[in-house]
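Colleague: predicted structure and sequence below. I'll ask about it afterward.
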Amino acid sequence: MKHFSAQKLAIATSIALGAMLATTAHADPKISGRLYLSTLYENKDVTETNTVTNAVSKTNTDRTTLNSGGSRIRFTGDEKLTDDVTLDYRLEYSVFLDNDAVTSDGKSLNFAARTTYLGLKHKDYGHLAAGRMYTPDDDIDYVNAGYLYASGAEAPFSYHGQRTNNTFQYTSPKINDKTQFKLHYAMDEDIGAYVSGSNNHGGAVSGVFVNGEQTTIRRDLIAGHVLHEDEKFDAGLAYTYAGEFKALRGMVWLKPTDKFKYGIIAQQTDYNSGNKELGALITGYYSMDDKTDFYAQAGHADNFKGFKDGERTVASMGIIKWLKRDGGTRVRAFGTLNYDDRTEFKYTNDQLIKVQSDAFGVEAGLRYDF
């Protein structure tokens, strides 16, 4: 019995809960999810220069990998309590198809919690949920079309939002069926000797400067967004505050025709270094027919990770082939070319190291949503 890990206990509990809900609840839980599987070839050159001793080291990575990160399975359901109020829940867990992904200390990430919450929805006043949820800045990213793991297949920002524990999240009703806002508060429950461990913190951000030194801050976090969706354009604004760390993101997504869409997303990220990172990504997306889509995007960030001479440039282009696109099931194949050039800095033994890298990647894979 001593070998029965907490991870296995959590999985068994989730399965038992799902089975119990299926047999006892008035509304059966819905099982859905997303499965990725891709092959990535990437060639990456890295040059590290010690700014104190001027020592230089160079490395090259030339490798093909199989990836399935981002896959997940979820249980969702709701229960009507009154004519106006409905209780709902979401239990979503990571799954890996190609390996048993583990953390640095050897803990399995299979069936690790992603988004999990219990909520109440009022037909007039909106939705309030409590649990583990992603910050609202992710909701307004309509622009990044990159697939999936290759360097450069993302916005050039160093901060992309995060999933926080101990979280309350409120989503308003849509105003005129177009405009909605969301508020997100993650509590820090670590009170010293009685409660400890990273899972008891609200948010966590690495690379923040506190008293002139880089560190990881773990504390309460407040975030929110306003999102407007219209026939010809979508627009959003999001803000995150965690003490010494702040991020402001804006997005506009234009839809001039049914086949062609384009837009820009920009973000200012403040690591309390005196040099605010500022980056933007521009994307164009074209649907040739109901089976084939194309996209191309490019972006740049200055003061990358809060360093004056840091920068990052990314570019990605790809084709998406829809194999099934009806009902609740969607299957697509994709192929992409990606490029990522960056200059960043890190401290090693109190010495500043300049890290310059450029990477080129080719990726092909399948995505199955059910």
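Modeller: Yep, that arrived.
Colleague: how near is residue 146 to residue 186?
Modeller: Distance of residue 146 to residue 186, given as CB to CB, to the nearest Å: 27 Å. All C-beta atoms are positioned from the backbone trio N, CA, C, and that covers glycine.
Colleague: ugh, typo on my part, it should be residue 156
Modeller: Residue 156 is 25 Å from residue 186, by CB to CB.
Colleague: again, but for residue 264
Modeller: 28 Å.
Colleague: same question for residue 43.
Modeller: For residue 43, the distance to residue 186 - CB to CB - is 38 Å.
Colleague: more neighbours: which of the two?
Modeller: For residue 43 versus residue 186, the count of surrounding residues by other CB atoms under 10 Å is larger for residue 186: 26 against 14.
Colleague: number of nearby residues for the closest residue to that one other than its chain neighbours?
Modeller: Excluding its sequence neighbours, the residue lying closest to residue 186 (CB to CB, 6 or more residues apart in numbering) is residue 202, at 3.1 Å. Look at residue 202: counted by other CB under 10 Å, it has 21 neighbours.
Colleague: surely residue 202 is in contact with residue 167?
Modeller: Yes. Counting by CB atoms under 8 Å, residue 202 touches residue 167, with 7.1 Å between them.
Colleague: shared neighbours, the two?
Modeller: 185-187 (CB atoms under 8 Å, 6 or more residues apart in numbering).
Colleague: ok, of the residues you listed, which one's closest to residue 226?
Modeller: residue 185 (16.5 Å; CB to CB).
Colleague: which non-adjacent residue is nearest the closest one?
Modeller: Nearest one to residue 185, counting by CB to CB, 6+ apart, is residue 168 at 5.0 Å.
Colleague: so the one you found makes contact with residue 127?
Modeller: No. Taking CB under 8 Å as the definition, residue 168 is not a contact partner of residue 127, at 11.3 Å.
Colleague: how about the strands in the stretch 151-300 of the chain?
Modeller: 163-171, 179-186, 203-210, 213-219, 221-229, 233-242, 245-254, 260-270, 277-287, 292-302 (DSSP state E, counting those that start in this stretch).
Colleague: turn those into CSV, including mean pLDDT.
Modeller: Shown next, in CSV, are those (pLDDT from 0 to 100):
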stretch, mean pLDDT
strand 163-171, 96
strand 179-186, 98
strand 203-210, 94
strand 213-219, 92
strand 221-229, 98
strand 233-242, 98
strand 245-254, 98
strand 260-270, 98
strand 277-287, 98
strand 292-302, 97
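Colleague: can you add distance to residue 117 and give those strands back as a markdown table?
Modeller: Formatted as a markdown table, these follow (distance: least, CB to CB, whole Å):
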| stretch | distance to residue 117 |
| --- | --- |
| strand 163-171 | 7 |
| strand 179-186 | 12 |
| strand 203-210 | 16 |
| strand 213-219 | 21 |
| strand 221-229 | 15 |
| strand 233-242 | 19 |
| strand 245-254 | 23 |
| strand 260-270 | 26 |
| strand 277-287 | 29 |
| strand 292-302 | 32 |
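Colleague: show me what contacts the residue nearest to residue 185?
Modeller: Contacts of residue 168 (CB under 8 Å, 6+ apart): 128-130, 184-185, 187.
Colleague: same question, residue 134
Modeller: So residue 134 contacts 115, 161-164 (CB under 8 Å, 6+ apart).
Colleague: and of those, the nearest to residue 339?
Modeller: For those, the nearest to residue 339 is residue 161 (23.4 Å; CB to CB).
Colleague: just to check, that closest one is in contact with residue 240?
Modeller: Yes. In this structure residue 161 lies within contact range of residue 240 using CB under 8 Å: 7.4 Å.
Colleague: which of the two has more neighbours?
Modeller: Neighbour count, other CB under 10 Å: between residue 161 and residue 240, residue 240 has more, with 26 against 21.
Colleague: the helices in the protein, which residues?
Modeller: Taking DSSP state H to define them, one finds helices in the chain at 6-24.
Colleague: now the residue in it sticking out farthest from the centre: how far from residue 267?
Modeller: Most distant residue from the mean C-alpha position of the chain: residue 53, 37.5 Å away (CA atoms, centre = their mean). Here the criterion is CB to CB. By it, residue 53 lies 35 Å from residue 267.
Colleague: okay, and the beta partners of the closest residue to residue 222 other than its chain neighbours?
Modeller: Once flanking residues are discounted, residue 222 sits nearest to residue 241: 4.8 Å by CB to CB, 6+ apart. With DSSP bridges as the criterion, residue 241 is bridged to residue 222, residue 246.
Colleague: can I assume residue 241 is in contact with residue 220?
Modeller: No. Using CB under 8 Å, residue 241 is not in contact with residue 220, being 9.4 Å away.
Colleague: check the nearest residue to residue 89 once chain neighbours are set aside and give its pLDDT.
Modeller: Closest residue to residue 89 apart from its sequence neighbours, by CB to CB, 6+ apart: residue 118 at 5.0 Å. For residue 118, the pLDDT comes out at 98.
Colleague: neighbours of residue 118, just the number please.
Modeller: Residue 118, neighbours per other CB under 10 Å, totals 13.
Colleague: ditto for the one 10 residues further on
Modeller: Residue 128 is flanked by 16 other residues according to other CB under 10 Å.
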